[in-house]
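J.: just need the structure, nothing else, for what follows:
(2 chains, ligands or ions: 2)
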Amino acid sequence: MSQISIRAEKLGKQYRIGAPLASYRTLRELMGERFSNPARGLYQREKNNHIWALRDVSFEVYQGQALGVIGRNGAGKSTLLKVISRVTHPTEGFAEIHGRVGSLLEVGTGFHPELTGRENVYLNGAILGMKRTEIDRKFDEIVDFSEVANFIDTPVKRYSSGMYLRLAFAVAAHLEPEILVVDEVLAVGDAEFQRKCLGKMSDVAQQGRTVLFVSHNM
Amino acid sequence: MERSLTVNQSDVPVTIIRPSKGWTMINLRDLWRYRELIYFMTWRDIKVRYKQTLLGAAWAVLRPFLTMVVFSIFFGELAGVPSDDVPYPIFAFAALLPWELFSQALSVGSRSLVQNSNMITKVYFPRVILPLASVLAGVVDFFVAFLVLAGMMFYYGIAPTSAVWTLPLYLFLTLITAIGVSLWLSAMNVLYRDVGYVTPFLTQFWLFITPIAYGASLVPEKWRFLYAINPMVGAVNGFRWALLGIPSAAPNGMLYISVGVSLLVLISGLFYFRRMERQFADMV
Ligand SMILES: Nc1ncnc2c1ncn2[C@@H]1O[C@H](COP(=O)(O)OP(=O)(O)OP(=O)(O)O)[C@@H](O)[C@H]1O
Ligand SMILES: [Mg+2]
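T.: Ligands and ions are numbered 1, 2, ... in the order given. Just a heads-up that it's a prediction; the model follows:
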């Protein structure tokens, strides 16, 4: 139990915000910046708004622990999870991750409306890092958990939003990484399903795996 | 490798996360670990395309076929462009096969990152899978169109030459080139959306500097080596040589130039992509 799972040291992430860099640059702007007035271009670069979404974040999580992250909107919670799950790069600092990370920053990432429930389970599973054989093995369990068995061969664009969410979460709940990183994905869905998901998540922690999650309500 | 150094230690992989700087090569080990995702994304792209369009697979045939008809009328008949002793329609169609693969690849490949921005901002995976899968999905269309070419060759009574076994190599050259250019375009598209407008123009321009409507033999001798800098010249000539045995399209020094440039585009594309990759999730 005392095995380290995540060690973060002075993690920092800086974003550039404000015009023109926040919106998509066009080549003309870039050339304008470089050629028409190089000195001004440089000055503007300096003056551009940079914000630190994360700064000086250090923590340690051990195997089997669940660590909740709370904070107001824009505090940098999602950014922290993105850095830990390698979606984005830190600007400074360092982190050491022991084990595979399954990230649930959103449910149903990569779901395609034209594809059937069955096809999306495979696609989404693969995107979340599952092996094909693993999905084969867990397929029935996933469908059972989602309770949308009757619609499994229907394109997901015909699903109600609740059904869509159930199927998407069912895939995610069957991930078996050593570390699970969860953003506020449970904020939607009906109360009963939320309970079911929370139950599934505490099972995960009980199995000796690590959960890092973001929540507004404790 | 620099950012995510993964070492195996008592069977739990340890990943080091730290800021990365400078130029690094694509992480091949990571790509290998995610090889199933390449398959799934390719499969998705094929499936979605065939589900969403009314004519599905028919487009794979119609596009090159109709182009061939128009070329045959205007270039073959009216302009009398020489087709090296082969019926013009088949002369054009043999070249349109790799060309369609290439131009489609550029069109979908260049959009691949922006279109999947949702995945990029939410999950880690080697980003290079997106342009790669969208290019590979086009190979299905290629094979469908290839059946039509086989039918046409039968109709005109043209037997493939003994060099037909080299065809996969030219297909490979086409793919390498398409992937290389797509890497450049897709990465640039994340940072500069102008690429979306530039790509159709680029493709059109590229069509003219490739021997599709005409034969490479039309290009004056002294310009041929400059001409071959376009890697698609080597690929298209290869198709004409392997299938129809057109002597002027036989492999020569031009092919080496095309292959060399193609590899250069691919390798530089991999480096450029890798360098830009770390900004994708923040910028897209
Ligand atoms: N891609 C980006 N480019 C620029 N700024 C960004 C980007 N992503 C996040 N930010 C900024 O970083 C800060 C932290 O954002 P983050 O999404 O981590 O907040 P959060 O704690 O998850 O908030 P919430 O509770 O609303 O989900 C915000 O000020 C946000 O504007
Ligand atoms: Mg958030």
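
J.: tell me the secondary structure at A:Asp56.
T.: strand (DSSP: H, G, I helix; E, B strand; the rest coil).

J.: same question but for A:Arg166, I mixed them up
T.: Three-state call for A:Arg166 (three-state DSSP): helix.

J.: what number of residues lie near it?
T.: Residues lying near A:Arg166 (other Cβ atoms under 10 Å in any protein chain shown) number 21. For the C-beta atoms, the positions are set from N, CA and C on the backbone; glycine is no exception.

J.: quick one: it and A:Ala149 touch, right?
T.: No - here A:Arg166 lies out of contact with A:Ala149, judged by Cβ atoms under 8 Å, at a distance of 10.9 Å.

J.: strands of chain B, residue ranges please.
T.: Here chain B has its strands, by DSSP state E, at B:5-9, B:12-17.

J.: can you tell if the last one touches chain A?
T.: Yes - under the criterion of Cβ under 8 Å from any Cβ of the partner chain, strand B:12-17 makes contact with chain A via B:Val12, B:Pro13, B:Val14, B:Thr15, B:Ile16, B:Ile17.

J.: what about the nearest residue to A:Ile97 once chain neighbours are set aside, distance to B:Arg33?
T.: Distances taken as Cβ to Cβ, 6 or more residues apart in numbering or on different chains put B:Thr15 closest to A:Ile97, at 4.3 Å, once the chain neighbours are dropped. From B:Thr15 over to B:Arg33 the distance is 12 Å, taken as Cβ to Cβ, to the nearest Å.

J.: one step back: I'd assumed A:Ile84 was in contact with the residue nearest to A:Ile97.
T.: No - applying Cβ under 8 Å, one finds B:Thr15 not in contact with A:Ile84, separated by 9.7 Å.

J.: shaky segments in chain A?
T.: Applying pLDDT under 70 to chain A flags residues A:1-2, A:18-48, A:185-189, A:216-218.

J.: residues from the stretch 151-284 of chain B in reach of ligand 1?
T.: With Cβ under 6 Å from any ligand atom as the criterion, the stretch 151-284 of chain B meets ligand 1 at residues B:Asp282.

J.: what residue in the stretch 151-284 of chain B comes nearest to ligand 1?
T.: B:Asp282 (4.3 Å; Cβ to the nearest ligand atom).

J.: surely that residue is in contact with A:Val87?
T.: No - contact criterion Cβ under 8 Å: B:Asp282 and A:Val87 do not qualify, at 9.5 Å.

J.: the strands of chain B: lowest mean pLDDT?
T.: Mean pLDDT is lowest for strand B:5-9 out of those, coming in at a mean of 45.

J.: more neighbours: B:Thr15 and A:Ile84, which one.
T.: The neighbour count for B:Thr15 versus A:Ile84, taken as other Cβ under 10 Å, is higher for A:Ile84 (24 against 21).

J.: against chain B, how distant is that one?
T.: A:Ile84 sits 7 Å away from chain B, going by Cβ to the nearest Cβ, to the nearest Å.

J.: contacting residues around the closest residue to that residue other than its chain neighbours?
T.: Computed as Cβ to Cβ, 6+ apart, the closest residue to A:Ile84 that is not its neighbour in sequence is A:Val181, at 5.8 Å. Applying Cβ atoms under 8 Å, 6 or more residues apart in numbering or on different chains, we find A:Val181 in contact with A:Leu81, A:Ile84, A:Ser85, A:Val101, A:Gly102, A:Ser103, A:Leu104, A:Leu105, A:Val211, A:Leu212, A:Phe213.

J.: in helices, which of those residues fall?
T.: A:Leu81, A:Ile84 (DSSP state H).

J.: what's the closest of the contacts of A:Val181 to ligand 1?
T.: Ligand 1 lies nearest to A:Leu81 out of those, by Cβ to the nearest ligand atom, at 7.9 Å.

J.: helix or strand: which one has A:Arg7?
T.: strand A:4-16 (DSSP states H and E).

J.: what residues does that strand touch?
T.: So strand A:4-16 is in contact with A:22, A:48-63, A:65, A:76, A:79-80, A:83-84, A:88-99, A:178-179, A:210, A:212, B:282, going by Cβ under 8 Å, 6+ apart.

J.: do you know how far the nearest residue to B:Leu37 once chain neighbours are set aside is from ligand 1?
T.: Leaving aside its sequence neighbours, B:Leu37 sits nearest to A:Ala126 (Cβ to Cβ, 6+ apart; 5.1 Å). Distance, A:Ala126 to ligand 1, using Cβ to the nearest ligand atom, to the nearest Å: 25 Å.

J.: can you give me the neighbour number for A:Gly74?
T.: A:Gly74 has 10 nearby residues by other Cβ under 10 Å.

J.: residues touching the residue nearest the centre of chain A, list them.
T.: By Cα atoms, centre = their mean, chain A has its centre lying nearest to A:Leu105, at 2.2 Å. Each residue near A:Leu105 by Cβ under 8 Å, 6+ apart is listed here: A:Ser78, A:Leu81, A:Lys82, A:Ser85, A:Val87, A:Val181, A:Asp183, A:Val185, B:Thr121, B:Lys122, B:Val123.
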